[in-house]
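> mind folding the following:
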Amino acid sequence: MHYICPLCAAPLVLQGNSWGCLASHSFDCAKEGYVNLLPVQKKNSKDPGDNRQMMFARREFLNAGHYQALSDRVNELALAHAPEAGSLLDIGCGEGYYSQRLFDSIKRHHACRLQGLDISKSAIKYAAKRYPESSFCVASAYDMPFAAQSFDLAIRIYAPSKLEEVSRVLAKEGILITVSPGPWHHFALKKLIYPEPRLHPETTAELAGFDCLHQERLRWQLTLIEPQDIAHFLEMTPYAWKLTAEQKINLTQQGLSCELDFQIEVHRVKCV
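Numbers count the residues shown, from 1 in each chain. Coordinates of the predicted model:
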């Protein structure tokens, strides 16, 4: 991996169990295999990113396969629009569920390497331990510790980031696949919370510095019966803290049916 120093932007070189630059900045690899490239002075809190409880809920929910259709579609689009991609990046990779499934899909066709990045140390720790074939680092998507033009393909699923940074780390004509909530996403939950629930806005599919190659909506009705699955789903959504304890208990006991609506876009870095 071509890391750059998050303090001085000089190239990092792996020596033993540490990444270091010529300015003597050093970053140790954790026993799980990841490296923390988020300096203390660049943190906005003591433990940024999703907390451990939310991370655990999302991990269990995704591992149960409830969002596999989304992962499968992202992988299909990756193979269609970046069939020769050898270097892959998952921005905001979380626990690595989408990362590893993308890696497995691409490597069936040719050799590749995958880098996952997330600001949550808990999530990266789990991802690195479970998926040792890939590389993972703790870092900000707004200041990514990668050399310019390092990746042929990047995926960004629900992850905020700085568009200029994404463009910088992608190769010429590199491909970016984004996933964001569609208008009806989780509307059943919104109806429980808000007197007048609003639809999510539709994206314009226009990103500065990119050409939009494809846009689609992926929709299905999620039906959950098992109390544990329902509890994990509720805990991982941004609405978890707005639902009352009584509402959560009722949903867990009665079952849950909820709209899933994903906006998926494929962009390519513009030729200059």
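> packing partners of the strand or helix carrying V74?
V74 belongs to helix 68-81 when assigned by DSSP states H and E. With contacts taken as 3 or more CB pairs under 8 Å, 6 or more residues apart in numbering; DSSP states H and E, helix 68-81 sits against helix 97-107, strand 151-157, strand 170-181, strand 210-224, strand 256-269. C-beta here means a position set from N, CA and C on the backbone, and glycine is covered the same way.
> just want the angle from the shortest one to helix 68-81.
Angular relation of strand 151-157 and helix 68-81 on a 0 to 180 degree scale: 150 degrees, by axes from the mean of the first three to the mean of the last three CA atoms, to 10 degrees.
> residue ranges with poor pLDDT in the protein?
The model of the chain has pLDDT under 70 over residues 1, 41-50, 272.
> please redo it, this time with the cut-off set to 90
Applying pLDDT under 90 to the chain picks out residues 1-2, 39-55, 160, 192-193, 195, 200-208, 236-245, 247-248, 271-272.
> run through the strands of the stretch 1-150 of the chain in chain order.
For the stretch 1-150 of the chain, strands defined by DSSP state E, counting those that start in this stretch occupy the ranges 13-15, 18-20, 26-28, 35-36, 87-91, 113-118, 135-138.
> now stretch 141-158: buried residues?
Across stretch 141-158, burial judged by 16 or more other CB atoms under 10 Å covers 141, 144-147, 149-157.
> hmm, back to that, just name the most buried of the helices and strands packed on helix 68-81.
strand 151-157 (a mean of 25; mean count of other CB atoms under 10 Å).
> could you dump that strand to PDB, C-alpha only?
Provided in PDB are the C-alpha atoms of strand 151-157 (Å, rounded to 0.1, in the frame of the first residue of the first chain):
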ATOM      1  CA  PHE A 151      -6.900   3.500  -6.900                       C
ATOM      2  CA  ASP A 152      -8.800   2.300 -10.000                       C
ATOM      3  CA  LEU A 153     -12.100   1.900  -8.200                       C
ATOM      4  CA  ALA A 154     -13.600   3.300  -5.100                       C
ATOM      5  CA  ILE A 155     -17.000   2.600  -3.400                       C
ATOM      6  CA  ARG A 156     -18.600   5.000  -1.000                       C
ATOM      7  CA  ILE A 157     -21.700   3.500   0.800                       C
END
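> one step back: let's have the helices and strands packed on helix 68-81 in JSON lines, adding distance to I4.
Shown next, in JSON lines, are those (distance: least, CB to CB, whole Å):
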{"stretch": "helix 97-107", "distance to I4": "21"}
{"stretch": "strand 151-157", "distance to I4": "13"}
{"stretch": "strand 170-181", "distance to I4": "15"}
{"stretch": "strand 210-224", "distance to I4": "23"}
{"stretch": "strand 256-269", "distance to I4": "19"}
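> and of the ones you listed, who's closest to C8?
Proximity to C8 (CB to CB) singles out strand 151-157 among these, at 21.8 Å.
> quick one, the closest one and strand 87-91 angle?
Per the same axes, to 10 degrees, the angle that strand 151-157 makes with strand 87-91 is 20 degrees.
> strand 151-157 - which strands sit beside it in the sheet, and in what orientation?
Sheet pairing of strand 151-157 (DSSP bridges) gives strand 87-91 (parallel), strand 170-181 (parallel).
> chain center to the last one, what's the gap?
It stands for strand 170-181. On the basis of CA atoms, centre = their mean, to the nearest Å, strand 170-181 sits 12 Å off its chain's mean C-alpha point.
> pretty sure S134 sits against F103.
Yes: with contact defined as CB atoms under 8 Å, S134 reaches F103; the gap is 5.7 Å.
> overlap in contacts, those two.
Residues within reach of S134 and of F103 at once, by CB atoms under 8 Å, 6 or more residues apart in numbering, are L114.
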